[in-house]
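S.K.: Could you work out the structure for the sequence below:
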Amino acid sequence: MPTAVQRIENPNFPIAYSLSEKDSMLPESEPFDNTVLVIKARLSRSGDATAHPGDIEGFHPYTVPPGTKGVDIVLAQVR
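M.R.: I've put the predicted structure just below:
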C-alpha cells in the first residue's frame with residue numbers, strides 16, 4: 001500500500017512536486033521520520049486512481065529518506 005499519494009490535475013511537464021504527511025494514506029500513522037521511500041509516478045489515461053494498460057509510469061531508481069530534494073522521475077514506461 002502506498003505511504004502517500006498526490007493527484008495533480010492537468011499537469012504541465014516538467015512539474016515540481018513535494019510529498020508530506022498531509023499526503024499520507026493513513027493520517028493516523030507514524031510520520032515519515034523513520035522510513036525510506038520508493039518514489040513512483042503514473043500518468044493515467046483514464047484519470048482513475050487504479051493503474052490501467054496504456055498508463056505511463058516512472059520511478060526513482062533508489063529509495064530515499066523523507067526530505068530528500070531533487071528526486072527526479074522520468075515517465076517512460078507504458079503499462
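
S.K.: can you give me the strands for the protein?
M.R.: 40-43, 56-59, 77-78 (DSSP state E).

S.K.: can you put these in a markdown table and add mean neighbour count, distance to Thr68 and mean pLDDT?
M.R.: (Glycine included, C-beta is placed from N, CA and C.) Output for the strands of the chain, formatted as a markdown table (neighbours: other C-beta atoms under 10 Å; distance: least, C-beta to C-beta, whole Å; pLDDT from 0 to 100):
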| stretch | mean neighbour count | distance to Thr68 | mean pLDDT |
| --- | --- | --- | --- |
| strand 40-43 | 16 | 15 | 95 |
| strand 56-59 | 16 | 14 | 96 |
| strand 77-78 | 11 | 22 | 94 |
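
S.K.: now those as JSON lines including distance to Met1?
M.R.: Formatted as JSON lines, the strands of the chain follow (distance: least, C-beta to C-beta, whole Å):
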{"stretch": "strand 40-43", "distance to Met1": "13"}
{"stretch": "strand 56-59", "distance to Met1": "16"}
{"stretch": "strand 77-78", "distance to Met1": "21"}
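
S.K.: low pLDDT regions in this structure?
M.R.: 29-31 (pLDDT under 70).

S.K.: residue farthest from the centroid of it?
M.R.: Using C-alpha atoms, centre = their mean, the residue of the chain lying farthest from its centre is Glu28. It sits 19.8 Å away.

S.K.: contacting residues around Phe59?
M.R.: With contact set as C-beta atoms under 8 Å, 6 or more residues apart in numbering, Phe59 has these partners: Val38, Ile39, Lys40, Ala41, Ile73.

S.K.: Find the nearest non-adjacent residue to the second one, please.
M.R.: Spatial nearest neighbour of Ile39, excluding adjacent residues (C-beta to C-beta, 6 or more residues apart in numbering): His60 at 4.2 Å.

S.K.: I'm done for today, thanks for sticking with me.
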